[in-house]
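**Student:** sequence first, then the predicted structure, then my questions.
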Amino acid sequence: MSASRDQRSGSKRKILAAIRAAGRIARIDVAKATGISQATVTTITAEMLSAGLIHEVASDDGDRGARRGRPRVDLALRGEARTVVGVKIAHQSLSIAILDFSGDVIGEHSAPLAAAVQSTHDLAAQLRTQISIAAEKAGMTMDQISAVGVGLAGIVDATRGFVHWSPSLTERNQPFRDIAQEALGCPVFVDNDANLVAMAELMFGHGKNVQDFIVVTIESGVGMGIVLGGELYRGTRGCGAEFGHTKVQLDGALCRCGQRGCLEAYVADYALLREADVVQNSKQSSARQIAVLLKAARDGDQTAQSIVNRAGRMFAMGLANLVNIFDPQQIILAGERVQFDHLYADGVMASIRQQIVQIDLPPPEIVIHKWGDLMWARGAGAFAIQGVSDMALKDLGEHAS
């Protein structure tokens, strides 16, 4: 792509992002927000209007417009322009959100997985079945879905839609996107689930007006999403931000990734229950078993206290390292296990503050965001929206300068 065409494509993305962030905005304010000339903004938004991606709405500032004799017109995303699906693949379940182009949820569905670990083809077939059910519940057909975003745990190259490893799959090195696209019959975008939580925070949550933040997810494993300069950071090979697999103990506990000494091997559900030597009860979820363990710690059981305290120390060390490396504005703790407070208890927070570089400024804010799998699915939907937006913008006429 030539430099001029690359610049024009960047201008389109910036303009659409500015409209999305504002909700509704005048052309002159788009120019101010993006630093793009008003003439270019006018040309590009005309193309977007023609393509049906955005529409004009009467300004809220009606009185000021009336005094000038000409009502101001704002631009807003056209929700019905595209319909996407976001899917969160959890340890034992699927959560599905159907979103319009504005990011509003217009349908939702959840279902148990046929198996916690299965082949890529079997999982793709199950995605097809459950997304069809979700679409039917929302009064839609599969033909109306423009794209599907999928988030799953593991090491994922989002650019290629390639899964190097996931605890949800029986095989390694899978072209997940290609297999899922064949099953679903529409574009598919795949990423690590923690990255998509970060994207959800960026578009809909605590990170909406924050340039640099980190999301740490605590579920059956430990994940991380990094946003720098308002953009999701994935690393050169697409497998950066694997916070759960940073090493906290040389030749330490065995992690489910196959290595030893990973943070996850001391903090995740399976690690806590393994250390407690809890007899697995198929009638109880891991969340219920963790609740029993934490109650035992609160009630004074020394073994339980030792396990929980060690998890807190390891987690505090990990978060302190993140602060020392990235110095973000904000760290957001999210995921199913933030319903329990053992990893952000006062002692853990104090330990983090003691281990970070000390300067005469307050440390980054640590925010607890207790949202469920539907919001993770919404993050996957946001990824799909980004994908279909790029596809639509590529099709627009190349008139911007």
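**Tutor:** Received the coordinates, thanks. This one's a predicted model, so the numbers in the text were calculated from it and none came from an experiment.
**Student:** the strands in the stretch 251-400 of the chain, which residues?
**Tutor:** Listed in chain order, the strands of the stretch 251-400 of the chain (DSSP state E, counting those that start in this stretch) span 330-334, 365-369.
**Student:** which parts of stretch 10-17 are buried?
**Tutor:** Using 16 or more other C-beta atoms under 10 Å as the burial criterion, the residues of stretch 10-17 that qualify are 11, 12, 14, 15, 16, 17. In short, each C-beta sits where N, CA and C put it, glycine included.
**Student:** residues in contact with the first one?
**Tutor:** In other words, residue 11. 34, 36, 40, 44, 400 (C-beta atoms under 8 Å, 6 or more residues apart in numbering).
**Student:** buried ones among those?
**Tutor:** Burial by neighbour count, 16+ other C-beta under 10 Å: within the contacts of residue 11 this picks out 34, 36, 40, 44, 400.
**Student:** wait, a helix at the second one?
**Tutor:** Which is residue 36. No - according to DSSP: H, G, I helix; E, B strand; the rest coil, residue 36 belongs to no helix; its state is coil.
**Student:** hmm, it is touching residue 14, no?
**Tutor:** Yes - Residue 36 lies in contact with residue 14 (C-beta atoms under 8 Å); the separation is 6.5 Å.
**Student:** at which residues are the helices of the stretch 51-200 of the chain located?
**Tutor:** Secondary structure of the stretch 51-200 of the chain (DSSP state H, counting those that start in this stretch): helices at 62-68, 120-137, 176-184, 193-204.
**Student:** tell me what angle the longest one forms with helix 176-184.
**Tutor:** In this case it means helix 120-137. Orientation check (axes from the mean of the first three to the mean of the last three C-alpha atoms, to 10 degrees): helix 120-137 against helix 176-184 gives 50 degrees.
**Student:** against which helices or strands is helix 120-137 packed?
**Tutor:** Applying 3 or more C-beta pairs under 8 Å, 6 or more residues apart in numbering; DSSP states H and E, one finds that helix 120-137 makes contact with strand 83-89, strand 93-100, strand 105-112, strand 147-152, helix 176-184.
**Student:** what does the second one rub up against?
**Tutor:** Applying C-beta under 8 Å, 6+ apart, the set of residues contacting strand 93-100 from outside is 79-88, 105-113, 126-127, 130-131, 134-135, 138, 140, 145, 372-374, 376-378, 380-382, 384-385.
**Student:** send the alpha carbons of that strand over as CSV?
**Tutor:** This file holds the C-alpha atoms of strand 93-100, laid out as CSV (Å, rounded to 0.1, in the frame of the first residue of the first chain):
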residue,chain,number,x,y,z
SER,A,93,-19.8,-23.0,28.8
LEU,A,94,-20.4,-20.6,25.8
SER,A,95,-21.7,-17.1,26.3
ILE,A,96,-23.0,-15.3,23.2
ALA,A,97,-23.9,-11.7,22.6
ILE,A,98,-25.4,-10.3,19.4
LEU,A,99,-24.5,-6.7,18.9
ASP,A,100,-25.5,-4.0,16.4
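**Student:** domains of this protein?
**Tutor:** With domains defined by automatic domain parsing, the chain comprises 3-77, 81-197+383-389, 204-374.
**Student:** give me the distance between the first one and the centre of its chain.
**Tutor:** Offset of domain 3-77 from its chain centre (C-alpha atoms, centre = their mean, to the nearest Å): 27 Å.
**Student:** what do you get for stretch 170-187?
**Tutor:** Stretch 170-187 has its C-alpha centroid displaced from the chain centroid by 20 Å (C-alpha atoms, centre = their mean).
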